[in-house]
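> Generate coordinates for the sequence data below:
(chains A, B, C and D)
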2 protein chains.
Amino acid sequence: MIFIIDNHIDRCEVSCIHPKQVEYARSNMLDDDTVLSLANIFKTLGDATRMKIIYSLMLRELCVCDIAAVINASESSVSHHLRLLRTQKIVKFRRDGKVLYYSLDDDHIVSLIKEGLDHVNE
Amino acid sequence: MIFIIDNHIDRCEVSCIHPKQVEYARSNMLDDDTVLSLANIFKTLGDATRMKIIYSLMLRELCVCDIAAVINASESSVSHHLRLLRTQKIVKFRRDGKVLYYSLDDDHIVSLIKEGLDHVNE
DNA sequence: TAGACATATGAACAACTATTCATATGTCTA
DNA sequence: TAGACATATGAATAGTTGTTCATATGTCTA
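Coordinates of the predicted model:
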């Protein structure tokens, strides 16, 4: 007589110890798009150069080369970062002749940063 | 007669258009350590897997393999991320026999995420 | 309209990061 | 005390990201 033992039968795809709690946590989980958007905002703020750029714009609008001077970075680097911040609607700009003036365009971001600062300063 | 022209004389290290405004923005700038810490928090939250891990712990503590099941990731990957979150004091754990239960250990982080969610949901 | 200037953009490269696989550690139980 | 199990850890790899350099674009002025 042959016994075929299949111990995969009552295993879920990913093994887990507490199926009930897994189900519970899963039911509360954000959908993938939301997680991605959420992580994306934080990723944008998670670079020191970008953080400085945003922070330099807290008081007033600045042109690109002034931003570069304030944070001590190359204009090219600043420009690349500004593009990213632009596509995420975190900054906006206006043109005055040859000069582009950038300014903050998202209050949520500012309060996120302030909240983050509270955390850093414990 | 020889003229020596040094056009570096009245240029600041980084050229800028509006020195006054640069000075003003500079006076308001965060010091480097603060910027780095700040960016670091956001960087930690800026990864989808870590975001899911943190979010899965919103309701209750979970063990490693349950977290892995909830977010559909390998236990090894989860373990690596948990180490990072541990060193940043974002999660803590308690041991019960072979099983380690992780839970959130930082209210600031939770409110940061909530604030971020407000932003995503506009 | 040519040249100067502010900024943008693309490509290349170096540094960093997340995941995986293999292995180690620590705890329980037979 | 050996083996099973949950988790941690290290090394290797693939993908991502920031910076730089070279060049392009758009605007002003002589």
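
> chain center to stretch A:25-32, what's the gap?
Relative to the mean C-alpha coordinate of its chain, stretch A:25-32 is positioned 20 Å out (Cα atoms, centre = their mean, to the nearest Å).

> Report whether it contacts chain B.
Yes. Stretch A:25-32 comes into contact with chain B when judged by Cβ under 8 Å from any Cβ of the partner chain, the residues involved being A:25-26, A:28-30, A:32. All C-beta atoms are positioned from the backbone trio N, CA, C, and that covers glycine.

> how about CSV for these, with secondary structure added?
Below are the residues of stretch A:25-32 next to chain B laid out as CSV (DSSP: H, G, I helix; E, B strand; the rest coil):
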residue, secondary structure
A:A25, helix
A:R26, helix
A:N28, helix
A:M29, coil
A:L30, coil
A:D32, helix
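
> Would you write a ChimeraX line that selects the buried entries of those?
In ChimeraX, a selection of the buried entries from the residues of stretch A:25-32 next to chain B looks like this (16 or more other Cβ atoms under 10 Å in any protein chain shown):
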select /A:25,29,30
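
> Would you point out the most distant pair within the residues of stretch A:25-32 next to chain B?
A:A25 and A:D32 (15.4 Å; Cβ to Cβ).

> picking up where we left off before, how about CSV for the residues of stretch A:25-32 next to chain B, with pLDDT and distance to DNA strand C added?
CSV is the format used below for the residues of stretch A:25-32 next to chain B (pLDDT from 0 to 100; distance: Cβ to the nearest atom of the strand, whole Å):
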residue, pLDDT, distance to DNA strand C
A:A25, 95, 18
A:R26, 95, 18
A:N28, 95, 20
A:M29, 97, 15
A:L30, 97, 16
A:D32, 95, 13
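
> What is the host helix or strand of A:L36 packed up against?
Taking DSSP states H and E as the definition, one finds A:L36 inside helix A:32-45. Of the remaining helices and strands, those touching helix A:32-45 by 3 or more Cβ pairs under 8 Å, 6 or more residues apart in numbering or on different chains; DSSP states H and E are helix A:48-56, helix A:107-120, helix B:32-45, helix B:48-56, helix B:107-120.

> now chain A, which segments are flagged as low pLDDT?
Confidence mapping of chain A against pLDDT under 70 gives the ranges A:1-16.

> Can you lay out the helices and strands packed on helix A:32-45 as JSON lines showing distance to B:K92?
Putting those into JSON lines (distance: least, Cβ to Cβ, whole Å) gives the following:
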{"stretch": "helix A:48-56", "distance to B:K92": "27"}
{"stretch": "helix A:107-120", "distance to B:K92": "16"}
{"stretch": "helix B:32-45", "distance to B:K92": "15"}
{"stretch": "helix B:48-56", "distance to B:K92": "13"}
{"stretch": "helix B:107-120", "distance to B:K92": "12"}
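
> Looking at those helices, spot the one closest to DNA strand D.
If you check each of the helices and strands packed on helix A:32-45 against DNA strand D by Cβ to the nearest atom of the strand, helix A:48-56 wins as the nearest, at 3.9 Å.

> Now stretch A:69-88: buried residues?
Within stretch A:69-88, the residues scored as buried using 16+ other Cβ under 10 Å are A:69-71, A:73, A:75, A:78, A:81-82, A:85.
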